[in-house]
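Trainee: Got a predicted model here, sequence first, then my questions.
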Amino acid sequence: MQVENRPTLVIVGPPGAGKTTVGRVLARRLGVGFTDADALIEKRAGKAIADMFLADGEEAFRALERDVVAEALGATTGILALGGGAVLAAETRELLRSHRVVHLTVGLADGLRRTGMSTARPLLAGVNPRATFKALLDARAPLYAEVATVQVDTNRRSANQVARAVLEALGELPPSAPEDPVDPDDPLDRPTPRAESPLPDPTLHL
């Protein structure tokens, strides 16, 4: 693998962590390209990931995911965001050892608010999405930690705040740098709602 072909950063984390949104912000700030592995998978398969789960099953999806991620890690430059379950593959975790990896963390409440427990996320479309999401977080946390170069908390932070924290953690931005101006009309400056805000009603999405 050519060193110059390595992604500048690889972003991992559970559903709702903001991997794609934060990845785009980071790419803009660093002046590099952004690639979403899930988008590459859908392009290769010719259908949405939710449809792949339904029609082909998770095992077939994961096999395709492993192949696409391996190719992307070898050929992509800039920022590469992986799907939440990509780290389940031992082969993928081994490949990530030679890359800078940012693990975006999210708590149960924030993750549920951000995903809305939507059927677009097949693993959260069960009878009890809260319990499913908690089990997913618990099971994958050690795998994210295994591959991470740095870990950044996203709870009740805006995408711009998370991106800044990532750059600080990687030493790309000194903590003493002036705070970024906040635009209340910019969605990227809006944090997750307060802890006491109601969660989405799962019956609306099942």
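Mentor: Received, thanks.
Trainee: quick one, what contacts residue 84?
Mentor: 12, 13, 14, 15, 17, 19, 136, 140 (Cβ atoms under 8 Å, 6 or more residues apart in numbering). Bear in mind the C-beta positions are built from the backbone N, C-alpha and C, glycine included.
Trainee: Out of those residues, name the two that are farthest from one another.
Mentor: Set against one another by Cβ to Cβ, those have their most distant pair in 19 and 136, with a gap of 14.6 Å.
Trainee: So which of those two has more stuff around it?
Mentor: When residue 19 and residue 136 are compared for neighbours, residue 19 comes out ahead with 28 against 20, by other Cβ atoms under 10 Å.
Trainee: Just give the nearest non-adjacent residue to that one, would you?
Mentor: In space, and not counting its chain neighbours, residue 19 is closest to residue 81: 4.3 Å by Cβ to Cβ, 6 or more residues apart in numbering.
Trainee: Verify the contact between the one you found and residue 17 for me.
Mentor: No: if you go by Cβ atoms under 8 Å, residue 81 and residue 17 don't touch, sitting 9.8 Å apart.
Trainee: Can you tell me the element residue 80 falls in?
Mentor: Using DSSP states H and E, residue 80 sits within strand 79-81.
Trainee: for the helix or strand that that strand is followed by, which positions count as buried?
Mentor: Later in the chain than strand 79-81, the nearest helix or strand by DSSP H and E is helix 90-96. The neighbour-count check on helix 90-96 (16 or more other Cβ atoms under 10 Å) flags 92, 93, 95, 96 as buried.
Trainee: Let's have these in CSV, adding pLDDT and distance to residue 23.
Mentor: Shown next, in CSV, are those (pLDDT from 0 to 100; distance: Cβ to Cβ, whole Å):
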residue, pLDDT, distance to residue 23
92, 98, 17
93, 98, 19
95, 96, 18
96, 97, 15
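Trainee: which among the residues you listed gets closest to residue 65?
Mentor: Nearest to residue 65, judged by Cβ to Cβ, of the buried residues of helix 90-96 is residue 92 at 8.1 Å.
Trainee: Hmm, that closest one is touching residue 70, no?
Mentor: Yes: Residue 92 is in contact with residue 70 according to Cβ under 8 Å; the separation is 7.1 Å.
Trainee: Under the pLDDT cut-off, which ranges of this protein? List them.
Mentor: 1-6, 115-128, 174-175, 181, 183, 185, 192-206 (pLDDT under 70).
Trainee: export stretch 94-114 as CSV, just CAs?
Mentor: Extracted in CSV, the C-alpha atoms of stretch 94-114 (Å, rounded to 0.1, in the frame of the first residue of the first chain):
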residue,chain,number,x,y,z
GLU,A,94,-6.2,-5.0,10.9
LEU,A,95,-6.1,-2.7,7.9
LEU,A,96,-7.0,0.3,10.1
ARG,A,97,-3.8,-0.2,12.2
SER,A,98,-1.9,1.7,9.5
HIS,A,99,-4.2,4.7,9.4
ARG,A,100,-5.1,7.6,11.7
VAL,A,101,-8.5,6.7,13.0
VAL,A,102,-11.0,9.0,14.8
HIS,A,103,-13.6,7.3,17.0
LEU,A,104,-16.7,9.5,17.5
THR,A,105,-18.6,8.4,20.6
VAL,A,106,-22.2,9.0,21.3
GLY,A,107,-24.4,8.1,24.3
LEU,A,108,-27.7,6.2,24.2
ALA,A,109,-30.0,9.3,24.5
ASP,A,110,-28.1,11.4,21.9
GLY,A,111,-27.8,8.5,19.6
LEU,A,112,-31.5,7.7,19.7
ARG,A,113,-32.4,11.4,19.1
ARG,A,114,-30.1,11.7,16.1
